[in-house]
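Asker: fold the stuff below for me.
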Amino acid sequence: QAIQGATAGVTITQTSSIPGDAPDALVRGQNSINANSGPYIVVDGVPISKSGGTLNDINPNDIESINVLKDASAAIYGSQAANGVILVTTKRGSSGNDKPMVNYSGSVSLTQNTRVPDLMNAYEYMTYSDEVRKYKGEAPLYENIKEGYLDGTIDRLQYGDTDWMKAVFRNVAPQTRHSLSINGGTDKIKYYVSGDYSYQEPMYRNTVFNYNTYQVRSNIDAQVSKNLKIGVDLDGRKERRNMGIFDSDEIFWETTNAYPYLYDYYPNGLPGPGINQGNNPALLVSGKDTGYDKVDDYFVNSKFTFDLKLPWITEGLSLSGYGAFNFHFRNEKYLIDVWDTYHYDPTTQDYIKQTTNPKGGTIKLTQSHENSLSRTLHLKLNYDRTFGDHHISAFVAYEQNKYDGEVFEAFRNYFLNSKLDYLSFG
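Answerer: Residues are numbered from 1 along each chain as shown. Below you'll find the predicted structure:
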């Protein structure tokens, strides 16, 4: 999102409110309903789209330039460039300063929903529902109840007046980002080293969910001899997602469909029942009792380059290439817990407990491990020479990419306690 509006020809749209979800980047517009319309992304010559990489994976403070290729200019990438190509070049070291340059960039900001529906209150809902039933030839349900909201005689232990949008979503959510970089070098060796930390919370109220990342980058170039230059680029990133077992679509559905006369929390602090198997949306977004979805992603990217001039063969001839190795490791724990909600019985004036679980009343733990490796090898023979008023430039290049990955998943049911969240206890 940091490059939104800064690069011509690229449309950045944030379609999800889930922290950590990458915004959609489009170069040629939305050209398919079902298939991916995203561009082919290349970072420092290495494609990252095949392994699931996005622009969101790059620290915006590490970006030196962004170029967009369309149509004929993107033809070199073949069919992979059907949706356009985004070329990202990261910063490198410089030798123009006597001392290293240290840069810090920090921000603390607030996010908010673009628009929040204005839902009916309890009296409006009961009135509207009775009107609908009347025109369908059915008896009203709330004729002797709804007026109590106007004259103050409503039984507040049984009937609430909940604005579910306010109960579930807060006005703003915090996010922060801090980056530190060191840039310097000599004629023989140049370096650029950076570190980045980011933290983001969702728009849910009273929630324990969050998303944070740690990232480091090191770009080093060395002039080994007059004709040989080498480079080593290393990039490491860790992402931690602490999310719930219900996605944002389910939360929004539960919120907009919950009856406003139901309590999110009763006056004594007990959670209300919700409308769907005890799915009280205020309880679901808190994440304290319903379970969790914890995902740890580790990325280690490396690139080794060389550029060798071959003047002993002929002036202007050079051989260059690189080997890039991108590792990705993912660990995920997904726990579906049981939780209690309550329904008020006006006859006994008791709060009746109902235990809720979407998996048949049992605690279920699923754990998965995923690892993948993307290897890219590139070799280029280049000839570039000027003869008087004439200039000749030509090259031959070869590139290959290989992707390997595996996934292992296991689950267990019938846990006695969610605190013992290990597969061996199921």
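Asker: so what does the longest helix seen in the chain touch, helix or strand wise?
Answerer: Secondary structure of the chain per DSSP state H: the longest helix is helix 122-135. Using 3 or more Cβ pairs under 8 Å, 6 or more residues apart in numbering; DSSP states H and E as the contact criterion, the elements in contact with helix 122-135 are helix 148-151. All C-beta spots, glycine's among them, are computed from the backbone N, C-alpha and C.
Asker: try 6 Å this time
Answerer: On a contact count with 3 or more Cβ pairs under 6 Å, 6 or more residues apart in numbering; DSSP states H and E, helix 122-135 meets no helix or strand.
Asker: pull the residues that contact it.
Answerer: P140, Y142, K146, Y149, D161, P260, Y261 (Cβ atoms under 6 Å, 6 or more residues apart in numbering).
Asker: residues touching the last one, list them.
Answerer: Contacts here follow Cβ under 6 Å, 6+ apart; on that basis Y261 touches A122, Y159.
Asker: low-scoring stretches of this protein, by residue?
Answerer: Scanning the chain for pLDDT under 70 picks out 1-9, 14-17, 22-23, 28-37, 50-52, 277, 359-360.
Asker: mind listing the helices for it?
Answerer: Counting by DSSP H, the helices of the chain are 122-135, 148-151, 164-168, 248-257, 281-286.
Asker: and these: which comes nearest L335?
Answerer: L335 sits nearest to helix 281-286 of all the helices of the chain, at 14.2 Å, using Cβ to Cβ.
Asker: which residues are contacting that closest one?
Answerer: In contact with helix 281-286 (Cβ under 6 Å, 6+ apart) are residues A167, V168, Y204, N206, T207, F246, I251, E254, T255, D264, P271, T290.
Asker: switch the cut-off to 8 Å
Answerer: 164, 167-168, 202, 204-209, 244, 246, 251, 254-255, 258, 264-265, 271-272, 274, 289-290, 339, 341 (Cβ atoms under 8 Å, 6 or more residues apart in numbering).
Asker: give me the buried entries from those residues.
Answerer: Neighbour-count burial (16 or more other Cβ atoms under 10 Å) is assigned, among these, to 164, 167-168, 202, 204-205, 207, 209, 244, 246, 251, 254-255, 258, 264-265, 271-272, 274, 290, 339, 341.
Asker: among the residues you listed, which are in strands?
Answerer: W339, T341 (DSSP state E).
Asker: related to what we said a few turns ago, winner for burial among the helices of the chain?
Answerer: Of all the helices of the chain, helix 281-286 has the most neighbours on average by mean count of other Cβ atoms under 10 Å, namely a mean of 24.
Asker: CA atoms only: put that one into CSV for me.
Answerer: C-alpha atoms of helix 281-286 as CSV (Å, rounded to 0.1, in the frame of the first residue of the first chain):
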residue,chain,number,x,y,z
PRO,A,281,-20.2,-12.2,17.3
ALA,A,282,-18.9,-10.0,20.2
LEU,A,283,-17.5,-13.2,21.7
LEU,A,284,-16.1,-14.5,18.5
VAL,A,285,-14.0,-11.5,17.8
SER,A,286,-12.5,-11.4,21.3
